[in-house]
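[1] Need a 3D model of the following:
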Amino acid sequence: MKASFLTGIRRLETRVVAAPGPGKGLLLLKNRMVGICGSDLHYFNEGRIGDQSVVYPFIMGHECVAEVCAIQEEASRFSPGDMVIVDPAVSCGSCSQCRAGRPHTCLNLKFMGAPGQLEGALAGMLAMPESCCHPAGNDLSLRAAVMVEPLSIAVHAFRLAGIPAGSTIGILGAGPIGLCVLFESQKAGAGSVFVTDRRAHRVAAAMKAGASWAGNPERNDIVQEILERETEGLDAVFECCGDPEALDQAVSILKPGGRLVVVGIPAAERVPQDLHALRRKEITVIHVRRQNGCIATALEHVRANPDLIESWVTHVFGIEDAQRAFETASGRSDGVIKAVIAFG
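    Below is the predicted model of the structure:
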C-alpha cells in the first residue's frame, strides 16, 4: 500500500509499505478519504505540538472515512463493504479517566497520527478496533463523511461550554473547526454569532453559513465592530485559530462573566495572557481536548445538512500529491478551507 511519510520539516514522501495484518478485535479498513487537520499542519510546519515531537519518518492524519475490508471473529457489527467513520482515539477503558467517563483523556491513550502513539491515517489501509468505528452508511458522500470527526470537536466544545440558547457568540477563526463551531451554534439555538478570519474567502464562507457578522482582523477593528453591535459584550467566544492575539481579542469582546472556549492549538509552547483582564471580568476559561463520545451526534448533524458541510471540503488530492496538499492547507492559499487526501 502507499503511505505518506513526514521526513522532515515541511517534507513529505510517498512510499510503498506493507499493509497491516489481522489482529484480535480489529477491523481491516481500506482508506477512502483523510482530512488534513490543524494539528497535522503543526507537525508539518514545526515538527511538534508542545512537548510532543515528531520522530522521523512519521505518518500523520486522523480524520478519516474508510471501507471495511475484513473482520475478525471478535468484530461482529460490520460486514465487508460497510463505510465507517473512524474515531482516532484508542482508550484503555480501565484507568481512572476512562472510569470517570473521560476516555478522551485516558491515561494510556493511543491516538492516530500522534508521535509515539499510533501510526497516522495517511495510508491506504488501516487496522482499528471495532469500538473506534462508527457506521456511516453507504449513502453519505465522502466529502461529508470526512467532516464528521472535525464536527465532533465542535459538538464537544458546545457540550463543555454549556451555553444557553439565545446566547451571543464570537468565533475567532473560520477554518474548518471554526465553521463547524458556527454550524453547531445554530444547532444550539444561539443568538447573534460573530466570526473573524484573516482570509477573505473564509469570511465569505462564514457569512454563507449563517454568521450574523464576519470580518477580517487585518482590515477591521473587530473589537470595535462587535462591541458596536453588542455593547455589553458577548456571552461566549470560541477561539479556533491558535493565534495568541485572538485570546486578547476574545477577552476584550466578552461580557463580564463570559466564557472563553479555547479550541485552537497555538504554535508556541507557552502563551501569555492578561490575567488581570480575565480576573476583572471573571471570565471562565474552558479548554477543549478533542472530543468525548460525540461522533454519533456529529454524524446526525452532518446528515441534516450534508451539502453545506461538504462544501467546506474545497481541495481533494491523491496520496502522491500529499506535499502539495499540505503546502496548500498550510498556506491557506487558493481559496482552501478543507484539504483532503482521497484514496482510490
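[2] so where do the helices sit in the stretch 1-150 of the chain?
    Under the criterion DSSP state H, counting those that start in this stretch, the stretch 1-150 of the chain contains helices at 38-46, 96-99, 142-145, 148-161.
[3] Would you mind putting those into TSV with distance to residue 304 alongside?
    The C-beta positions use only the backbone N, C-alpha and C, and glycine is treated the same way. As requested, these are exported to TSV (distance: least, Cβ to Cβ, whole Å):
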stretch	distance to residue 304
helix 38-46	25
helix 96-99	31
helix 142-145	11
helix 148-161	11
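[4] just for the protein, where's the confidence low?
    Residues of the chain that meet the criterion pLDDT under 70 lie in 72-75.
[5] Deepest-packed of the helices of the stretch 1-150 of the chain, please.
    helix 148-161 (a mean of 24; mean count of other Cβ atoms under 10 Å).
[6] Show me what secondary structure element comes after that helix.
    Downstream of helix 148-161, the first helix or strand assigned by DSSP states H and E is strand 169-172.
[7] Of all the helices of the stretch 1-150 of the chain, which one is nearest residue 272?
    helix 38-46 (18.8 Å; Cβ to Cβ).
[8] got the angle for the closest one vs helix 148-161?
    Put simply, helix 38-46 runs at 110 degrees to helix 148-161, going by axes from the mean of the first three to the mean of the last three Cα atoms, to 10 degrees.
[9] For helix 38-46, enumerate the helices and strands it packs against.
    Applying 3 or more Cβ pairs under 8 Å, 6 or more residues apart in numbering; DSSP states H and E, one finds that helix 38-46 makes contact with strand 48-49, helix 322-331.
[10] one step back: of the helices of the stretch 1-150 of the chain, which is nearest residue 310?
    helix 142-145 (3.7 Å).
[11] Residues contacting that closest one, please?
    Here helix 142-145 makes contact (Cβ atoms under 8 Å, 6 or more residues apart in numbering) with 32-33, 65, 83, 85, 136, 302, 306, 309-310, 313, 316, 340, 342.
[12] Out of the residues you listed, the closest to residue 201 would be?
    residue 313 (13.9 Å).
[13] From residue 302, how far off is the closest one?
    According to Cβ to Cβ, to the nearest Å, residue 313 and residue 302 sit 12 Å apart.
[14] Could you do residue 149 as well?
    On the measure of Cβ to Cβ, residue 149 and residue 302 end up 10 Å apart.
[15] which residues touch the residue nearest the centre of the chain?
    In the chain, the residue lying closest to the centroid (Cα atoms, centre = their mean) is residue 150, at 3.6 Å. Applying Cβ under 8 Å, 6+ apart to residue 150 gives the contacts 35, 37, 63, 176, 177, 180, 338.
[16] Residue 3 and residue 14 touch, don't they?
    Yes. If you go by Cβ atoms under 8 Å, residue 3 and residue 14 touch, sitting 7.3 Å apart.
[17] Identify the residues contacting residue 217.
    Here residue 217 is in contact with 196, 198, 245, 249 (Cβ under 8 Å, 6+ apart).
[18] Which ones among the residues you listed map onto helices?
    245, 249 (DSSP state H).
[19] Between the contacts of residue 217, which sits nearest residue 116?
    residue 245 (31.2 Å).
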